[in-house]
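Colleague: sequence plus the predicted model coming up.
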Amino acid sequence: MSKTILVTGGAGFIGSHVIRRLVQRYPHYRIVNLDALTYAGNLENLSDIDDLPNYLFEKGDIRDEAFIEKLFEKHQFTDVIHLAAESHVDRSISNPLEFIQTNIVGTMVLLNAARKFWASNMDGKRFYHISTDEVYGSLGEDGLFTEETAYDPRSPYSASKASSDHLVRAYFHTYHLPVVITNCSNNYGPNQFPEKLIPLSINNIKNEKPIPIYGKGENIRDWLYVEDHASAIDLVFHEGKLGDTYNIGGNNEWKNIDLIRVLCRVMDAELGRPEGSSEKLITFVKDRAGHDMRYAIDSGKIQRELGWSPSVQFEEGIEKTVRWYLSNETWLNNIISGAYEKYYSDQYHKR
Ligand code: NAD
Ligand code: DAU
C-alpha cells in the first residue's frame, strides 16, 4: 500500500527519529517533512537519510493556512503525523502566547486542511496527533496516568497541548475525521535540544559548568528512550484504532536528583574523570513555577492491544545518549552559541 505522509516537526528531536524509521522501513511510502526550523529544528538531525528518494523536506509554518492548503494540494497527503510544537515548559512560562499560536492554532490549521482535502473520501486516511502525558497534570506519590485520567494541565505548554488534544477529538466526533492520539512520557536520547534536563546536564558536565537542579530535585519523571517512542508511533500509525488514545511510557520513574547522579557516574566513566567529579557540579536552583511533582504512565493499553513495550533499558539508553553527545561535538557546538547563550543566560542567571 502506498502512502504520502505529512510529518510535521520532523527536524526536531522526536520527529527526526520518526522520519528516519519511516523512511528506512517503508521505501514505498513518501515522507514529507514539514518544519519551520525554529530554534529547535535542525536539518543536521536527518543528514544521514536526506538523500533517500522517498524523503522530501518542505520549510513552512503550520500556522500559515494558505501555505498548508497549497501543500495538501501539491502532495495529496494520505496521512498526517503531527509532531510540530513548541515543546519546552520553561519557555512556555516566559512566552506563553507562542505556545497557543503554534500548538493550538497550528493544530487547528492542519485539522481544517485535512478535513477539507479528505472530505470526499476519508477511507484509509489518518490524522495522528502526538501529545504528552503532561495534559493529565501532576501525580502524588501513588497512581499512574491512564487513558481515562481527567485532563488537568498546569503549565501554558501542557494547557496548549491539552487544547490541541480536545480539538483533535472534537474533529473525530463532529466531522468523522479519522484521528488517533498518543500521550507519551519524557523522551531522552540523541538529537534532543540542550534546553531539556538530560542534554543540558551532559553539556554542562562536559564543560565543567554547574548542573542546575530545580527545587530539591525530588520531582519524578518517567523516561523513555526516543527510539522506543518512534517504534510505538510506527505501530499506532499502522494499527491504532481510529478515535482512540494510547498512553506511551517507559515504566521507568526517576527522581531528577537520582537520574542526574546516574548521569554523573556515566559521564565520569566516559570522560575518564575521577569518580565523583561530575556530582560536585550539582547546584540546586530556584524551582520552576508550578513545577509538576510526578508523571508516571500506565501503558497497559498499548501493550495489551498492540503488543508494544519499551526495548531499551535505562542504563543502556543513558550510555548510548552520553556517547552520542560526546561524539557529536559539531552538532552540539552549532547549537550552543548565539541564541542558545541568550536563552541560557535569561533562564538560569536570574535564578
Ligand atoms: P522539539 O522542540 O525538539 O521539535 C519541535 C519541532 O517542531 C522543531 O523541529 C520545530 O522547528 C518544529 N516547529 C515548531 N513550531 C513550528 C511551526 N509553527 N511550524 C512548523 N514547525 C514547527 O520537540 P520534541 O521534543 O521532538 O517533541 C515533538 C512532539 O512530541 C511535540 O508535539 C511534543 O509536545 C511531543 N512530546 C514530546 C515529548 C518529549 O519528551 N520531548 C514527550 C511527549 C510528547
Ligand atoms: O512528560 C513529557 C514532557 O517531557 C514533554 O511533553 C515535554 O515536551 C518535554 O520537554 C518534557 O517536559 P519536562 O518539563 O518534564 O522536561 P525537562 O527536561 O524540561 O525537565 C525534566 C525535569 O527536570 C523537570 O522536573 C524539571 C527538571 N529540570 C529541568 C531543567 C531544564 C531541572 O531540574 N533543571 C533544569 O535545568
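Modeller: Received the coordinates, thanks. Ligands and ions are numbered 1, 2, ... in the order given.
Colleague: same for the helix ranked longest in the chain, what does it pack against?
Modeller: For the chain, the helix that runs over the most residues, judged by DSSP state H, is helix 156-175. Taking 3 or more CB pairs under 8 Å, 6 or more residues apart in numbering; DSSP states H and E as the contact definition, the neighbouring helices and strands of helix 156-175 are helix 89-94, helix 96-99, helix 107-118, strand 126-132, strand 179-184. Backbone N, C-alpha and C define where each C-beta goes, glycine included.
Colleague: now the ones you listed in CSV, with distance to I81 and mean neighbour count?
Modeller: As requested, the helices and strands packed on helix 156-175 are exported to CSV (distance: least, CB to CB, whole Å; neighbours: other CB atoms under 10 Å):
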stretch, distance to I81, mean neighbour count
helix 89-94, 23, 18
helix 96-99, 20, 16
helix 107-118, 11, 20
strand 126-132, 5, 24
strand 179-184, 10, 25
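Colleague: out of the ones you listed, flag the one nearest ligand 2.
Modeller: Comparing the helices and strands packed on helix 156-175 against ligand 2 with CB to the nearest ligand atom, the closest turns out to be strand 126-132 (3.1 Å).
Colleague: that closest one close to ligand 1?
Modeller: Yes - in this structure, strand 126-132 sits against ligand 1 according to CB under 6 Å from any ligand atom; the contacting residues are 130, 132.
Colleague: point me to the residue of the stretch 201-350 of the chain nearest ligand 1.
Modeller: The nearest approach of the stretch 201-350 of the chain to ligand 1 comes at H229, 7.2 Å away (CB to the nearest ligand atom).
Colleague: the closest residue to ligand 1 within the stretch 1-150 of the chain: how many residues sit nearby?
Modeller: Taking CB to the nearest ligand atom as the measure, the stretch 1-150 of the chain has G12 as its residue closest to ligand 1, at 2.1 Å. Residue neighbour count, defined by other CB atoms under 10 Å, stands at 25 for G12.
Colleague: contact partners for it?
Modeller: In this structure, G12 makes contact with 35, 40-42, 45, 83-84, 87, 193, judged by CB atoms under 8 Å, 6 or more residues apart in numbering.
Colleague: rewinding a little: may I see the helices and strands packed on helix 156-175 organised as TSV, with mean pLDDT added?
Modeller: Output for the helices and strands packed on helix 156-175, formatted as TSV (pLDDT from 0 to 100):
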stretch	mean pLDDT
helix 89-94	98
helix 96-99	98
helix 107-118	98
strand 126-132	99
strand 179-184	98
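Colleague: need these in a markdown table with distance to ligand 2, can you?
Modeller: Formatted as a markdown table, the helices and strands packed on helix 156-175 follow (distance: least, CB to the nearest ligand atom, whole Å):
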| stretch | distance to ligand 2 |
| --- | --- |
| helix 89-94 | 4 |
| helix 96-99 | 11 |
| helix 107-118 | 14 |
| strand 126-132 | 3 |
| strand 179-184 | 7 |
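Colleague: pretty sure A85 contacts G9?
Modeller: Yes - here A85 lies in contact with G9, judged by CB atoms under 8 Å, at a distance of 6.3 Å.
Colleague: torsion angles phi and psi at the residue of the stretch 1-150 of the chain closest to ligand 1?
Modeller: G12 adopts backbone torsions of phi -90, psi -170, taken as degrees, to the nearest 10.
Colleague: how much space between it and G215?
Modeller: In this structure, G12 and G215 are separated by 27 Å, where distance is defined by CB to CB, to the nearest Å.
Colleague: can you give me the neighbour number for the residue in the stretch 251-351 of the chain that ligand 2 sits nearest to?
Modeller: Per CB to the nearest ligand atom, N256 is where the stretch 251-351 of the chain lies closest to ligand 2, at 4.7 Å. Counted with other CB under 10 Å, the neighbours of N256 add up to 18.
Colleague: make sure I have this right: L34 is in a strand.
Modeller: Yes - per DSSP: H, G, I helix; E, B strand; the rest coil, L34 lies within a strand segment.
Colleague: okay, and the beta partners of it?
Modeller: Per DSSP bridges, residues listed as beta-bridge partners of L34: T8, E58.
Colleague: quick check: S92 touching E86?
Modeller: Yes - contact between S92 and E86 holds when scored by CB under 8 Å: they sit 6.7 Å apart.
Colleague: any residues in contact with both of these two?
Modeller: The contact sets of S92 and E86 overlap at 98-99, 157, 160 (CB under 8 Å, 6+ apart).
Colleague: which two of the residues you listed have the greatest separation?
Modeller: Across the shared contacts of S92 and E86, the two members that end up farthest from each other (CB to CB) are E98 and Y157, 10.2 Å apart.
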